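>>> Task: produce atomic coordinates for the following.
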Amino acid sequence: MTHQLTVDYPVAPDLTIPGQLQTVFLGLTVVAAVVVMIFAVRVAVRERSAAPVLMVIGGLAAILMEPVVTFLGHAVHPRDGQIAMFETVSRRIPWHIGLGYMAGFGIFYLVLYSRFVAGTLTAAAVWKVTLITALCYFIGEAYPVQHGLWAYYDHQPLWIWHGTEPPIWGILNSTSMLMSTTLMLVALPHLRGVGQLWLIPLAVAGAYMGHMGAGFPMYNVMNSAAPGWAIELSGVASVIMAMVVNWICSVLLTRNAVAARTVP
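Residues are numbered from 1 along each chain as shown. Purely as a prediction, here's the structure:
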């Protein structure tokens with residue numbers, strides 16, 4: 001006897017990426033990634049540590065999270081005409097998104113890193129950087145979403161304005177960045193020499209932990225036969241979970257902040 005699993009799963013829309021806009025965004029993200037890496041090198045020289053450069057590379061590696069969260073969260077990067085970086089879980093991920101991770105995650109890491117190693121990182125600063133990042137996601141995605149560079153589909157919780165991202169995504173994205181930063185910075189004082197290479201997989205693990213850990217109510221309900229009101233409540237639950245995760249990260253980071261001279 002054979003058993004077949006039938007899943008009522010919304011199919012991603014079949015879209016074509018706007019070629020000219022993709023080229024513009026690719027150019028912008030190349031420049032942004034290079035600028036952030038140059039900044040990382042300067043910080044590395046100042047701190048006499050390879051950590052800043054490795055953290056930015058970890059930001060690029062965190063793109064491995066994108067296929068999973070877009071699959072479960074019902075978002076898609078159009079396949080047709082895409083300049084693809086890689087493909088998995090039925091999701092093709094473009095280069096401009098990978099380089100965007102490198103630049104966005106990278107600058108987030110470096111802002112908190114500088115204060116962490118100086119021993120001046122405060123909970124207020126952690127919250128400010130995280131909330132500003134979530135707001136930047138909401139504002140920054142308006143144009144590309146409106147013009148089809150990527151798309152959200154099906155019933156998204158708390159999606160007030162369909163001309164940009166559902167706000168829950170910006171919150172989960174910034175939470176994933178903070179959790180990623182937390183894993184790396186808490187581990188950093190204990191890593192010596194080539195051991196600092198662990199920063200790269202820790203960046204990826206932290207990104208997954210933040211996004212999926214805070215977003216599990218949303219991901220579970222969105223991929224069920226639950227009614228619309230339950231999906232909306234799942235978004236509220238995920239926002240609350242994100243706030244809890246962010247609070248824990250702020251406590252861990254501020255308690256483990258050390259002076260630069262103690263960091264290898």
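>>> rest of the way, CA atoms for contacts and neighbours
Noted.
>>> Can you tell me the centre-most residue of this protein?
residue 173 (4.2 Å; Cα atoms, centre = their mean).
>>> Who are the contact partners of that one?
134, 211 (Cα atoms under 8 Å, 6 or more residues apart in numbering).
>>> how does it look with 7 Å?
Counting by Cα atoms under 7 Å, 6 or more residues apart in numbering, residue 173 touches residue 211.
>>> repeat for residue 104
Counting by Cα under 7 Å, 6+ apart, residue 104 has no contacts.
>>> Look at it and tell me its secondary structure.
In terms of secondary structure, residue 104 is helix; the call rests on DSSP: H, G, I helix; E, B strand; the rest coil.
>>> residues of the one helix or strand the residue nearest to the centre of the chain maps to that come out buried?
Following DSSP states H and E, one finds residue 173 within helix 167-187. By neighbour count with 16 or more other Cα atoms under 10 Å, helix 167-187 contains the buried residues 167-186.
>>> Flag every buried residue along the following helix or strand past it.
Per DSSP H and E, the first helix or strand lying C-terminal to helix 167-187 is helix 199-222. By neighbour count on 16+ other Cα under 10 Å, the buried set for helix 199-222 is 199-219, 221-222.
>>> ditto for stretch 20-38
In stretch 20-38, residues buried by neighbour count (16+ other Cα under 10 Å) are 22, 25, 26, 29, 30, 32, 33, 36, 37.
>>> what do you get for stretch 112-124?
Neighbour-count burial for stretch 112-124 [16+ other Cα under 10 Å]: 112, 113, 114, 115, 116, 117, 118, 119, 121, 122, 123.
>>> Among these, name the ones in helices.
112, 113, 114, 115, 116, 117, 123 (DSSP state H).
>>> Between those residues, which sits nearest residue 13?
residue 112 (37.9 Å; Cα to Cα).
>>> separation between the closest one and residue 179?
12 Å (Cα to Cα, to the nearest Å).
>>> do the same with residue 108
11 Å.
>>> Whatever helix or strand residue 87 lives in pairs with which strands?
Residue 87 belongs to strand 84-88 when elements are defined using DSSP H and E. In the sheet, strand 84-88 lines up against strand 91-94 (antiparallel) (DSSP bridges).
>>> Can you give the contact residues for the strand it pairs with?
So strand 91-94 is contacted by 67, 77, 79, 82, 83, 84, 85, 86, 87 (Cα under 7 Å, 6+ apart).
>>> Which of those residues are buried, as a PyMOL select command?
Only the buried members of those enter the following PyMOL selection, criterion being 16+ other Cα under 10 Å:
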select buried, resi 67+77+79+82+83+84
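>>> quick one: which of the contacts of strand 91-94 is nearest residue 231?
The closest of the contacts of strand 91-94, once distances to residue 231 are taken by Cα to Cα, is residue 67, at 21.2 Å.
>>> Could you tell me how far that closest one is located from residue 247?
27 Å.
>>> Also residue 185?
16 Å.
>>> where in this protein is pLDDT low?
Low-confidence regions of the chain, defined by pLDDT under 70, span residues 1-8, 258-264.
>>> and of the contacts of strand 91-94, the nearest to residue 51?
residue 85 (25.3 Å).
>>> hmm, back to that, and the buried residues of stretch 20-38, which two are furthest apart?
22 and 37 (22.0 Å).
>>> okay, the ones in helices among the buried residues of stretch 112-124 in TSV with distance to residue 191 next?
Listed next are these as TSV, based on distance: Cα to Cα, whole Å:
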residue	distance to residue 191
112	18
113	15
114	17
115	18
116	15
117	14
123	24
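>>> Now flag whichever of these is closest to residue 45.
residue 114 (12.5 Å).
>>> Please give me every residue in contact with the closest one.
So residue 114 contacts nothing (Cα under 7 Å, 6+ apart).
>>> Over to residue 226?
Contacts of residue 226 by Cα under 7 Å, 6+ apart: none found.
>>> you'd agree it is in a strand?
No: using three-state DSSP, the secondary structure at residue 226 is coil, not a strand.
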